[in-house]
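Peer 1: Let's see this in three dimensions:
(chains A and B)
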Amino acid sequence: MARAINAGELTKLRGANQASILALAIPTPATVVQFALGSLPAAGNIAELAVTVDSGTYTNALADQTIIVYNSAKTAVKGVLGVRKTPAATALYVREISSGSISFAVGDKLVVVDDFCPHAKHVRTVTETTWYMDYDVAYSAQHSNPDPIVCMGPDAVVYLTGASADVDFDATASSVIIGSIASYAWAVSGTGATIANETTATPTVTVTVAGTARVSCTITTAAGASFTGYRYVYTYTAASPPITTFELTENPRGDWSQGGWSFGVTMLDNALKTEIRDRAKVILWAPVESFAGTAGSIGPVTDRENIICVGWIAGETIQRDDNEGPVSFEVHGAQRILSLADAYPCGLRDTQFAGATGTVWTDMADLNVDRGLWHALHWRSTVTRCMDVVLTGNTWQAGALQSTDDKFWAQLMTLAQATIMAQPFVDRFGRLYIQRNQHHLDATERNALPTVMSLTTADYSSLDIERRALNKYSRVNLSGVYYLDGDEAPIGAYSPGEVPYIGEENYIQTELVMPSQVDAGAWAGAVFGSGAGELSEMDVVLEQNNRFFDCAPQQWGSITLAAGDTERGVAGTWRLIPRSIELQFDAEAGFMNAEISFEPEGSIYTYTNQTFPGNGEEEPGGTGGGGQTPPEPPTPPNEPPPEAPPVPGEVVVSTAGDVRTTGDITAGTPAWTTEY
Amino acid sequence: MPDPTTYGLSATSTVSSYATLLGVKWTPRGEYFPDRGRRQLANGQMRSVGLPWCRHIWDVLPQTQRDVLRGILTATSGTCYIWTRTNDSTDAFKVFTATYTWPEGNENKDALKRLDFVLEFRNLVLVT
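Peer 2: You can find the predicted model right below:
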């Protein structure tokens, strides 16, 4: 969760001589075990390779670690694979690939390195009813006794100037979609690294020498399910310094609409080919910072204050010039890698939904968006292994969820956005948040969010305000299915009412996962309000090294303007939603400042319920009107005919073995069509 | 580390005065800048930004003394320690860590001397 800037931090941000010296951490992961390919795999899909151990201990290889495939002389990289499960002495279990994707030869070296990277895991279908996750994981009770989500905080980077340094970890944001967490077990491996309080949620790792320490956290639920996450502490010293000879060709920038952060780098030397490879982890950080002569960094996450942006080198962006020496590349958060990752269609249904058995990978009890997202993230990707994941917290049940997008990030977008209008975002520390649009929250939910900072004229040099000449929406119409334990009903709401305002767009979204009628109406009113305020955007250039704002987790800024503050006399107090942040670095001055684009908070407008044929005027839970119930407006003589109530949209479910659709989900016995 | 009372330089935290390194007569003059720039705020005030920086300037520096400096500052740019004079009320000398930059391009040579030889030190962080 975001937090408010405290008084001491505010004094520093408003003080003189703020300065930063930047560095890059591009870790070269250690070799865990090296295999040699013993025989060529058969044509077709490959999930296992016959190998012999060259060096190292094969049982030390961990599921989801990276495998780099070299030729026998190790002079060329042929490809990158993932460890599917702990290897045997003569068998390396790899994440399933097509045999044509890597040109294997007997004697190739397969090197398991101490590195985890987010990528998709595949589904194997043997028959219509027999599915396996990650090639050979059969369904037992993974959905009824789910693994926990391990949120252990971001990686850390230490510039060690004394004998030792402590790094706090915090797993209190961990969760489980059913049940509760019973225990924590932390461990650390790496020269000179130790850990204290390792059975609590908040241990401390101590490092004493330069190098890499791997930190693991195993969380066990009350029902006995467990899962282990991994993070790293990278330690540098004056004798083992980080990379400082580089230029930022693109400032770090996070954008809500892009799903995360990115930045660009040109390395002037030290550009070793072993370091600058596709999907190498890169951490932009500040080993030296100061505020008014006092050394130290400030930021929202304890012991990660010096981190500016975390990501991976994105494929096809490395530009190497062998004549000149420099190498340029782009670094993106996990959203980029996951946008490129192929994914198998994902579908789930509630166990009380027609045809569900509760004993297959496609069924889940009390299905809701968070549970569907957890299934995708945990069983169809390695994200939960190496990243913190915070889900929406939304509990509205859904009869069925599905996404047929062919890329993993697109599937997440569909599962979140097409259902409850939520969106995934990877923050600058590499944590994945999936959260509803902040505009769409109700008043209680909004007030529970922290205000990071109230901006004053002592904070910024320029403020650009965009006034709204015309409402973004003339009317908002949300509709979908209210579902609870097998019962379902169509729900819909208009805002501000059936009669539209003057606006740019008549916004209609159907097939949503709907709450009660009252909540659905408030939701429609909030969506309308997001495009109806006096101001649509505020762009602020903060003249301070302020890295507290991000597009996720949800948070507010605030600002108060007097009529005399602007030439147009705009006056008032607004809560502000950060939508894009650029950390501008002036290398000549050694100064980093933030330029932030905010959206002012929208009000929650009136609404009216939408009626559907056969289900009466009012539907579950609502009388309409919300907090600002308007009188029913008279129908203008020239009003266009009311829009026909939408038929509850086509529903698609993925059953055990096929994908089916129906257009009459509200019927007692829907007619299903098998799509494939 | 003794309190500095003159300009000095070292690759390590044990700083030597230029008088020791180069001889008494080759002590440079210095310039000290408390920030790298100023930003105007919406309230009308200015905010200084960036770390202090300084320059050590020799109008004339013999080749042998220049080579002593090059033996300490071996790269185009890197980290070092310096003694330099600040702008405070006593114009005190203080010890800083700094990022040095060796002069770019052609050095102004004249009869086994360097003319107008300037070392620039950025990112000054106070040590003592």
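
Peer 1: hey, let's count contacts and neighbours off CA atoms from now on
Peer 2: OK.

Peer 1: and the stretch 451-600 of chain A, which of its residues are near chain B?
Peer 2: By Cα under 8 Å from any Cα of the partner chain, the part of the stretch 451-600 of chain A that sits against chain B consists of A:457, A:458, A:459, A:460, A:461, A:462, A:543, A:588, A:589, A:590, A:591.

Peer 1: Touching, the fifth one and residue A:543? I think so.
Peer 2: When you say that, I think you mean residue A:461. Yes. Using Cα atoms under 8 Å, residue A:461 makes contact with residue A:543 at a distance of 6.3 Å.

Peer 1: Please list the residues of chain A that sit near chain B.
Peer 2: Listed as neighbours of chain B in chain A under the rule Cα under 8 Å from any Cα: A:15-21, A:290, A:293, A:457-462, A:543, A:588-591.

Peer 1: Could you dump the residues of the stretch 451-600 of chain A next to chain B into CSV with neighbour count and pLDDT added?
Peer 2: Listed next are these as CSV, based on neighbours: other Cα atoms under 10 Å in any protein chain shown; pLDDT from 0 to 100:
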residue, neighbour count, pLDDT
A:457, 18, 94
A:458, 20, 95
A:459, 22, 97
A:460, 22, 97
A:461, 20, 96
A:462, 16, 94
A:543, 28, 97
A:588, 10, 89
A:589, 22, 91
A:590, 23, 92
A:591, 25, 95
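
Peer 1: Reformat these as JSON lines; add distance to residue A:263 and secondary structure.
Peer 2: Output for these, formatted as JSON lines (distance: Cα to Cα, whole Å; DSSP: H, G, I helix; E, B strand; the rest coil):
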{"residue": "A:457", "distance to residue A:263": "29", "secondary structure": "coil"}
{"residue": "A:458", "distance to residue A:263": "28", "secondary structure": "coil"}
{"residue": "A:459", "distance to residue A:263": "25", "secondary structure": "coil"}
{"residue": "A:460", "distance to residue A:263": "23", "secondary structure": "strand"}
{"residue": "A:461", "distance to residue A:263": "24", "secondary structure": "strand"}
{"residue": "A:462", "distance to residue A:263": "24", "secondary structure": "strand"}
{"residue": "A:543", "distance to residue A:263": "20", "secondary structure": "coil"}
{"residue": "A:588", "distance to residue A:263": "18", "secondary structure": "coil"}
{"residue": "A:589", "distance to residue A:263": "19", "secondary structure": "coil"}
{"residue": "A:590", "distance to residue A:263": "17", "secondary structure": "coil"}
{"residue": "A:591", "distance to residue A:263": "17", "secondary structure": "strand"}
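
Peer 1: hmm, which two among the residues you listed are most spread apart?
Peer 2: Farthest-apart pair in these is A:457 and A:588; separation 25.3 Å (Cα to Cα).

Peer 1: tell me what the longest helix along chain B is packed against?
Peer 2: When chain B is parsed with DSSP state H, its longest helix is helix B:63-72. Packed against helix B:63-72 by the contact rule (3 or more Cα pairs under 8 Å, 6 or more residues apart in numbering or on different chains; DSSP states H and E) you find helix B:18-22, strand B:113-126.

Peer 1: Find the one among those with the highest mean neighbour count.
Peer 2: Highest mean neighbour count of the helices and strands packed on helix B:63-72: strand B:113-126, a mean of 20 (counted as mean count of other Cα atoms under 10 Å in any protein chain shown).

Peer 1: which secondary structure elements does that strand contact?
Peer 2: Partner elements for strand B:113-126 (3+ Cα pairs under 8 Å, 6+ apart): strand B:53-62, helix B:63-72, strand B:93-101.
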